[in-house]
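**Student:** could you look at this predicted model? Sequence included:
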Amino acid sequence: MLRGYTCCQLHESERVEDETARLAKLGNKRERQALLAQLFTVHRNRLRQAIDIRFDRHLRARVDPSDVLQEAFLEASRRLDGYLQAPQLPFYLWLRSLAGQAFLKLRRRHLDAKARDVRRQVSIDRCGFPSATSQAVAALLIARELTPSDRLLRDERQRLIEDTLEKMEEIDREVLALKHFEQLSNQQIAALLGITEGAVRQRHVRAVSRFRRAFKSKPDSKGKIRLE
């Protein structure tokens with residue numbers, strides 16, 4: 001649970017953005033809530049990606065990612081005025097932090113004896129999201145590049161991607177997920193993971209290079225996974 005929305009320190013220039021300013025200018029609460037709904041819709045796909053890459057098979061069988069988004073929106077609606085009084089995060093990262101809290105809340109609620117391994121997901125993200133799972137990231141990468149008709153190739157690529165991701169350091173895997181699925185900047189990733197921007201760049205290059213080496217070993221060119 002965040003206290004005062006201070007889950008990570010950001011550079012001063014990142015603490016205020018146009019969306020926050022637009023909300024703060026509205027004196028009418030109903031108008032603020034209406035704009036919040038519009039802005040949440042703008043960021044919905046990015047938030048959904050942030051959630052999807054952290055769902056494993058056990059949790060997905062019990063929780064719909066849309067439930068996490070709904071819970072995050074309701075919490076944003078309740079907390080909006082407090083956020084606007086002293087915004088510590090850019091608007092999107094604030095929404096993301098609420099989505100992370102909603103994710104953890106629903107995960108705890110739906111854990112049972114058959115899904116105890118979900119408990120082992122830990123967080124290196126200073127806003128509280130657990131780390132991206134190799135299985136979820138692999139599935140999303142495959143969905144980008146291959147059609148359902150390529151069943152055998154999909155299965156082969158899924159195994160190769162999961163194996164490649166599992167061999168990475170956890171923080172390298174997380175940099176890859178934050179950059180390619182959540183579309184965060186190097187500065188934002190650095191703040192979330194507590195590392196320098198230079199380290200983010202180095203770890204991203206290392207992760208992409210590992211993918212290229214893995215796929216170079218495959219002679220066929222169909223279904224290559226692109227990470228730039």
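**Tutor:** Here it is on my side, so go on. Numbers count the residues shown, from 1 in each chain.
**Student:** just give me the longest helix of this protein.
**Tutor:** helix 29-52 (DSSP state H).
**Student:** return the list of helices and strands in contact with that helix.
**Tutor:** Judged by 3 or more Cβ pairs under 8 Å, 6 or more residues apart in numbering; DSSP states H and E, the packing partners of helix 29-52 are helix 18-25, helix 65-85, helix 91-110, helix 134-145. Heads up, the C-betas are built off the backbone N, CA and C, glycines and all.
**Student:** residue 207 contacts residue 178, doesn't it?
**Tutor:** No. Judged on Cβ atoms under 8 Å, residue 207 makes no contact with residue 178 at a distance of 11.0 Å.
**Student:** buried residues in the next helix-or-strand element following the longest helix of the chain?
**Tutor:** Next in sequence after helix 29-52, counting helices and strands by DSSP states H and E, comes helix 57-60. By neighbour count on 16 or more other Cβ atoms under 10 Å, the buried set for helix 57-60 is 58-59.
**Student:** same check on stretch 25-45?
**Tutor:** 32-33, 35-36, 39-40, 43.
**Student:** and the gap between the residue nearest in space to the middle of the chain and residue 110?
**Tutor:** For the chain, the residue lying nearest the average C-alpha position, counting by Cα atoms, centre = their mean, turns out to be residue 50 (2.5 Å). For residue 50, the distance to residue 110 (Cβ to Cβ, to the nearest Å) stands at 19 Å.
**Student:** confidence score at residue 74?
**Tutor:** The score at residue 74 is 97. That number is its pLDDT.
**Student:** ok, it to residue 33 distance?
**Tutor:** 11 Å.
**Student:** kindly report the same for residue 163.
**Tutor:** Counting by Cβ to Cβ, the gap from residue 163 to residue 33 is 46 Å.
**Student:** ok, and the closest non-adjacent residue to residue 169?
**Tutor:** Closest residue to residue 169 apart from its sequence neighbours, by Cβ to Cβ, 6 or more residues apart in numbering: residue 203 at 7.8 Å.
**Student:** quick check: which element contains that neighbour?
**Tutor:** For residue 203, the host element (DSSP H and E) is helix 197-216.
**Student:** again, but for residue 129
**Tutor:** Here residue 129 is assigned to no helix or strand, by DSSP H and E.
**Student:** touching, it and residue 102? I think so.
**Tutor:** No. Counting by Cβ under 8 Å, residue 102 is not a contact partner of residue 129; they are 10.5 Å apart.
**Student:** so those two - more neighbours on which side?
**Tutor:** residue 129 (27 against 22; other Cβ atoms under 10 Å).
**Student:** could you report the neighbour count for residue 55?
**Tutor:** 23.
**Student:** give the contact list for it.
**Tutor:** By Cβ atoms under 8 Å, 6 or more residues apart in numbering, the residues touching residue 55 are 63, 65, 133, 136.
**Student:** give me the distance between it and residue 138.
**Tutor:** 13 Å.
**Student:** domain parsing of this protein, as residue ranges.
**Tutor:** If you go by automatic domain parsing, the domain ranges for the chain are 12-120, 134-216.
**Student:** most packed of the helices and strands packed on helix 29-52?
**Tutor:** Comparing the helices and strands packed on helix 29-52 by mean neighbour count (mean count of other Cβ atoms under 10 Å), helix 91-110 comes out on top with a mean of 21.
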